[in-house]
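> the following block contains a protein sequence and its predicted model.
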Amino acid sequence: MTHYRSTRLALTILAAAAGLGLSACSPDNSATPTSTTPALAPSTTPASPADIAKQKATTAYLGMWSDMAEAATTSDWRSPKLVQNATSDALSKISRGLYADHYNGLVTKGKPENAPTVESVEPADNPTTVNIVDCGDDSRWIKYRADNGQPANDGPGGRRHINAMAKKAVDGSWKITDFAIQDVGTC
């Protein structure tokens with residue numbers, strides 16, 4: 001019985017495929033064009049070193065926040081993901097903040113919302129530093145008590161002005177080396 005069903009299914013699929021193939025032909029057996037829109041050729045203009053640096057630095061910036069949000073769900077200040085996109089003072093600030101939350105019995109739920117823009121790229125011909133500005137929103141990234149799940153009273157969330165610096169590492173990767181977050185309402 002199973003062999004009969006699989007054979008019948010295969011024949012049904014073949015018949016449908018043959019029908020689709022025939023419907024693409026006109027009555028006189030000449031092929032009917034399926035599209036009259038010419039294919040667009042991909043752009044061959046290479047990206048400038050500054051454009052590449054902007055893209056990689058912005059990716060590192062957004063990655064830093066994503067890694068931090070993931071680690072904050074358990075306040076894991078030792079998460080190996082934290083070093084993927086942050087180093088130096090930025091990594092230290094993140095680790096210290098997560099350790100303080102761990103010590104105080106806090107975890108964070110949700111994610112910050114970021115919309116970074118590049119303020120400057122230095123030097124333009126062979127970039128090693130990218131300065132990023134953001135108006136981050138942490139109103140949906142909320143701290144809770146780990147022991148009872150109740151919201152922690154850590155102040156209001158909202159939109160904050162953020163400055164960040166990304167540097168090109170020796171291996172060619174980009175990492176955030178420092179950032180500063182202003183008070184709620186600064187952007």
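Yep, it's here.
> tell me which stretches of the chain form helices.
Assigned by DSSP state H, the chain shows helices spanning 2-23, 49-72, 88-103.
> isn't residue 94 up against residue 86?
Yes: assessed by Cβ atoms under 8 Å, residue 94 is found in contact with residue 86 at 5.9 Å. All C-beta atoms are positioned from the backbone trio N, CA, C, and that covers glycine.
> convert stretch 105-118 to PDB, retaining C-alpha atoms only.
What follows is stretch 105-118 as a C-alpha-only set of coordinates in PDB (Å, rounded to 0.1, in the frame of the first residue of the first chain):
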ATOM      1  CA  GLY A 105      21.300  39.700  42.300                       C
ATOM      2  CA  LEU A 106      20.000  41.300  39.200                       C
ATOM      3  CA  VAL A 107      19.400  40.100  35.600                       C
ATOM      4  CA  THR A 108      18.300  42.100  32.600                       C
ATOM      5  CA  LYS A 109      15.500  41.100  30.200                       C
ATOM      6  CA  GLY A 110      14.800  42.500  26.800                       C
ATOM      7  CA  LYS A 111      17.200  44.300  24.400                       C
ATOM      8  CA  PRO A 112      18.400  47.800  23.900                       C
ATOM      9  CA  GLU A 113      17.500  49.500  20.600                       C
ATOM     10  CA  ASN A 114      20.300  51.200  18.800                       C
ATOM     11  CA  ALA A 115      20.500  53.300  15.600                       C
ATOM     12  CA  PRO A 116      24.200  54.200  15.300                       C
ATOM     13  CA  THR A 117      25.700  56.600  12.800                       C
ATOM     14  CA  VAL A 118      29.300  57.200  12.000                       C
END
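> shaky segments in this structure?
1-44 (pLDDT under 70).
> can you list residues touching both of residue 94 and residue 86?
Common neighbours of residue 94 and residue 86 (criterion: Cβ atoms under 8 Å, 6 or more residues apart in numbering): 64, 68.
> which of those two has more neighbours?
Using other Cβ atoms under 10 Å as the criterion, residue 94 and residue 86 rank with residue 86 on top: 28 against 24.
> near residue 177, how many other residues are there?
Using other Cβ under 10 Å, residue 177 has 18 other residues around it.
> swap that for residue 77, sorry
18.
> give me phi/psi at it?
Main-chain torsions, residue 77, degrees, to the nearest 10: phi -70, psi -10.
> can you pull the contacts of it?
71, 94, 95, 96, 97, 98, 99, 102.
> so what's the nearest residue to the second one once chain neighbours are set aside up against?
This points to residue 94. Closest residue to residue 94 apart from its sequence neighbours, by Cβ to Cβ, 6 or more residues apart in numbering: residue 68 at 5.4 Å. By Cβ under 8 Å, 6+ apart, the residues touching residue 68 are 82, 86, 94, 98.
> and of those, the nearest to residue 178?
Residue 178 has its nearest neighbour among the contacts of residue 68 in residue 86, at 9.3 Å by Cβ to Cβ.
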